[in-house]
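Q: Pasted the sequence and its predicted model underneath.
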Amino acid sequence: MEIPHENLEPETLRRVLEEIVSREGTDYGEHVYTFDEKVDQAMHMLLIRKASLVFDQATETVNLVSR
């Protein structure tokens with residue numbers, strides 16, 4: 001089930017994104033991003049509609065899914 005991020009309070013949205021980012025594994029790509037940079041990138045993806053928030057009933061988690 002998709003969750004419209006526009007319906008969430010800004011602080012709630014940030015906390016949701018922080019929780020999602022904290023689940024990610026270690027990334028040793030070309031550039032190392034800070035936790036806050038990763039959260040900001042996730043927010044940007046939502047704002048430009050390249051990703052959406054989806055609630056997974058099986059795992060009872062919210063995930064960031066590319067569009």
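A: Alright, I've got the coordinates.
Q: Show the contacting residues for R67.
A: R49, K50, A51, S52 (C-beta atoms under 8 Å, 6 or more residues apart in numbering). (Glycine included, C-beta is placed from N, CA and C.)
Q: By neighbours, which of those wins?
A: A51 (19 neighbours; other C-beta atoms under 10 Å).
Q: Could you list the low-pLDDT ranges of the chain?
A: By pLDDT under 70, the low-scoring segments of the chain are 25-28.
Q: do that again at 80, thanks
A: 24-29 (pLDDT under 80).
Q: The residue lying farthest from the centre of it in helix, strand or coil?
A: Farthest-out residue of the chain from its mean C-alpha position, per C-alpha atoms, centre = their mean: E30, at 20.9 Å. Of the three states, E30 takes coil under DSSP: H, G, I helix; E, B strand; the rest coil.
Q: circling back to that earlier point, kindly reformat the contacts of R67 as JSON lines containing secondary structure.
A: JSON lines is the format used below for the contacts of R67 (three-state DSSP):
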{"residue": "R49", "secondary structure": "coil"}
{"residue": "K50", "secondary structure": "coil"}
{"residue": "A51", "secondary structure": "strand"}
{"residue": "S52", "secondary structure": "strand"}
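Q: just the helices in this protein please.
A: 10-22, 35-47 (DSSP state H).
Q: Roughly how far does the spatially most central residue of the chain sit from E30?
A: Closest to where the C-alpha atoms of the chain average out (C-alpha atoms, centre = their mean) is L17, at 4.0 Å. Taking C-beta to C-beta, to the nearest Å as the measure, L17 falls 23 Å from E30.
Q: again, but for V39
A: The value you get for V39 to E30, if C-beta to C-beta is used, is 20 Å.
Q: Same check on K38?
A: 15 Å.
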